[in-house]
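> kindly generate the corresponding structure for this input.
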Amino acid sequence: MDIAFNKNEDAYKQLVFKLQTKLKKVKLGGGEKKIASQHKKGKLTARERIDYLIDNESEFLEVGAFAGEGMYEDVGGCPSGGVIVGIGYVQKRQCVIVANDATVKAGAWFPITAKKNMRAQEIAMENRLPIIYLVDSAGVFLPMQNEIFPDKEHFGRQFRNNAKMSAMGIIQVAAIMGSCVAGGAYLPIMSDEALIVKKTGSIFLAGSYLVKAAIGEDIDNETLGGAGTHSEISGVTDNQYDTDQECLEAIRSIFDKVGAHEVAGFDRAKSLPPNRDAKDLYGLFPVDRTKPYEMRDIISCIVDESKFDEYKKDYGQTILCGTARVDGWAVGIVANQRKIVKAKKSQGASDEMQMGGVIYSDSADKAARFIMNCNQRKIPLIFLHDVSGFMVGSKSEHGGIIKDGAKMVNAMANSVVPKLTFVLGNSYGAGNYAMCGKAYDPRLIYAWPTSQLAVMSGASAAKTLLQIKVATLKSKGKELTAEDEKKMLDEITDKYNEELSPYYAASKLWIDGIIDPVETRKIISMGIEAADHAPIEKPFNVGVIQT
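You can find the predicted model right below:
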C-alpha cells in the first residue's frame, strides 16, 4: 500500500472512532442515573429488553440511532428520539422492534419520536415484516404538543398504521412494560396481541390525577389500569407476567409458532466473501472530498468474490452500473464514479478529461436503461452516492441533460424492486434525487462518516449566499468592507458546513443512520432479506419518458 493509502486510512479510522464514541454516548439514553433508576424499579432498559428479546449472537440493525441529535437542548435533549428502533431476529424471524426509552423524559413523545415511530412502521409495511412494540412511555411531551398532535404525519398516524398493518396481515405484538397513557394506549391494543408486566405496566386513557380532576373519582393507577385490571377485569390485555424477562420470553414463544412468510423470490446463491478485505475501504475512499478515486475498488470490497459484471462499461463513464452478489443475494449496483474519466465535449466537458461525480446525459441514459433491466429481471437495486449533481452549461442544456436526467429519475422512482441507498461521499442537489435519496422511498438509507448531503457544496453555497446577502445590503445603501465580507462568508460557511454533516442528516432522519463502511455488506444483505418478505404486486411501468 502507498503512503496516500496509509494516510487516508488513518484519517478514516479517526472518523470511525468518532462515530463509535458518539454511538456509545447515545446508547446511554438519559444517562447512567436514569438507567440505575430503571433497574431499581425492577425494569430493564429499552436496549436491554431488545438484547434479551432477539436471538443470541444475532444481528440488530439499528435505525435512527442519532435521531434528535442536538435537538431540544433547552429541555435536556432527546437521545435517539427517546425510542430505539431496528430490525432484529426473534426465533430466526426478521422483525421490526420499537422500544420506548423511559430513561429519556420517561419515554415521552417528541416530534422526532413520532417521525421515528412512523419510519419503523413504514419499514414494517414496505417489507411486510412483523413488528414488536415494547411500550414504556409517558405519552406526548406536552410543551410541544402543537408539533406532534394534529397533522398527517403526527402522533395519530401510528394508530392509522396499526389498522392498515392489521388489514395487510402484518403481525403486531405489543408488550406494556411501563406507562402507556392517553392516546398512546391505542397502539398496543390495536396490535394483534397485548402483553403486560405486573406492577410496572399500566394502561389508561387518563391517569388517576386527571380522573380526579375530571370526574372527582379517587383511585390509584394500579387499580385504574394495572396488569390485574386489564388482564382479569377489562380484558384489554391478553396475559400478564411477573417480570420483563418473562414477558419477553412470551413474545419469543409467540414467534416460535408463526407460520412461514411469503417470499418475493429474489435470487440468492451461496455467500462468498469479497476477495478484498473490507477494511481496505478506509484507505481507498478519500476523506478529502475533492480527491478522485476508483469506485470499482470500493465495490470490490463489498461484493462476493469482488466480481462485478459491468453494464455499458465504456459508455456514460461517470456512473457505473452492473450486477453482482452480496452475501449471496443478486444485486444491481448504480454508483457514481469520481475517477478522472474521458467525457465527450458534447456532454458539456471543457476538455477530453473531466472529473467524475457529475452526471452527464449519457450516464443518466445508461442508468435509466440499467434500472429498467433490473426491474424486468427482479434484481434489487443498490445506489452508492458520491454525486455533485448533473452537468450544467450551454452544451449540456442543448444536449438535453434535463430530459435525460428526468428519464433516470422516472425509471428509479417507478422501480418496483427494492432499493437500498448508501451515501458514501457527496450527495448534492438533483444528484441526490436521481440516485434514490430519501424522497424516493429506499427501503433503507445509510451514510458513511465521509458523507455530505445538501443542495450544493459548502464552498459553492457560501459564495452564492454571500452574493445574495451583499446585494441585499447594497440595495439598502449599506457598503461592506472586504473584512466585513470575509467575516460574513466565514459565518455562512460554518453554518452551512454544519448542515452538510451526516450527523445533521441523521438527527433529522433524512438517513437511517451513519455506519462504519465495513458494515455496508451486512446492511445490504439484511435489507434484501427483509424485502424478500414482500412479494412484488404491481408491474414495472415508467409512464411517459421523453427520448
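
> make it CA atoms for all contacts and neighbour counts henceforth
Will do.

> what ranges do the helices span in the stretch 51-200 of the chain?
Shown for the stretch 51-200 of the chain, the helices assigned by DSSP state H, counting those that start in this stretch span residues 111-127, 157-168, 186-189.

> show me the one of the ones you listed that comes nearest residue 455.
helix 111-127 (22.7 Å; Cα to Cα).

> not counting its neighbours along the chain, what's nearest residue 140?
In space, and not counting its chain neighbours, residue 140 is closest to residue 109: 4.5 Å by Cα to Cα, 6 or more residues apart in numbering.

> surely that neighbour meets residue 144?
No: under the criterion of Cα atoms under 8 Å, residue 109 makes no contact with residue 144, lying 9.1 Å away.

> out of the two, which sits in the busier spot?
Legend: neighbour count by other Cα atoms under 10 Å for residue 109 and residue 144, higher for residue 109 (28 against 12).

> show me the contacts for that one.
82, 137, 138, 139, 140, 141 (Cα atoms under 8 Å, 6 or more residues apart in numbering).

> pLDDT weak spots in the stretch 1-150 of the chain?
Within the stretch 1-150 of the chain, the segments meeting pLDDT under 70 span 1, 142-143.

> sorry, back to before: compare the helices of the stretch 51-200 of the chain and give me the one nearest residue 417.
Short answer: helix 111-127, nearest of the helices of the stretch 51-200 of the chain by Cα to Cα, at 11.3 Å.

> still on that earlier bit, just put the contacts of residue 109 in JSON lines and tack on distance to residue 427 and neighbour count.
Shown next, in JSON lines, are the contacts of residue 109 (distance: Cα to Cα, whole Å; neighbours: other Cα atoms under 10 Å):
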{"residue": "82", "distance to residue 427": "28", "neighbour count": "31"}
{"residue": "137", "distance to residue 427": "36", "neighbour count": "27"}
{"residue": "138", "distance to residue 427": "38", "neighbour count": "19"}
{"residue": "139", "distance to residue 427": "36", "neighbour count": "20"}
{"residue": "140", "distance to residue 427": "35", "neighbour count": "22"}
{"residue": "141", "distance to residue 427": "34", "neighbour count": "18"}
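
> now do the buried residues in stretch 248-266.
Using 16 or more other Cα atoms under 10 Å as the test for burial, stretch 248-266 gives 248, 250, 251, 252, 255, 264, 266.

> please narrow the residues you listed to those residing in strands.
Counting by DSSP state E, these place none of their members in strands.

> could I get those residues as JSON lines with pLDDT and distance to residue 15?
Formatted as JSON lines, the buried residues of stretch 248-266 follow (pLDDT from 0 to 100; distance: Cα to Cα, whole Å):
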{"residue": "248", "pLDDT": "98", "distance to residue 15": "36"}
{"residue": "250", "pLDDT": "98", "distance to residue 15": "41"}
{"residue": "251", "pLDDT": "98", "distance to residue 15": "38"}
{"residue": "252", "pLDDT": "98", "distance to residue 15": "38"}
{"residue": "255", "pLDDT": "98", "distance to residue 15": "39"}
{"residue": "264", "pLDDT": "96", "distance to residue 15": "37"}
{"residue": "266", "pLDDT": "98", "distance to residue 15": "35"}
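
> can you dump the C-alpha atoms of stretch 386-399 in PDB for me?
Only the C-alpha atoms of stretch 386-399 are listed here, as PDB (Å, rounded to 0.1, in the frame of the first residue of the first chain):
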ATOM      1  CA  ASP A 386     -20.900  10.300  -4.500                       C
ATOM      2  CA  VAL A 387     -22.600  12.800  -6.700                       C
ATOM      3  CA  SER A 388     -22.100  16.600  -7.300                       C
ATOM      4  CA  GLY A 389     -25.200  16.900  -9.400                       C
ATOM      5  CA  PHE A 390     -26.000  17.000 -13.100                       C
ATOM      6  CA  MET A 391     -23.700  18.600 -15.600                       C
ATOM      7  CA  VAL A 392     -24.500  22.300 -16.200                       C
ATOM      8  CA  GLY A 393     -23.700  24.800 -19.000                       C
ATOM      9  CA  SER A 394     -25.000  25.500 -22.500                       C
ATOM     10  CA  LYS A 395     -23.600  22.300 -24.100                       C
ATOM     11  CA  SER A 396     -25.300  20.200 -21.500                       C
ATOM     12  CA  GLU A 397     -28.600  22.100 -21.800                       C
ATOM     13  CA  HIS A 398     -28.600  22.000 -25.600                       C
ATOM     14  CA  GLY A 399     -27.800  18.300 -25.400                       C
END
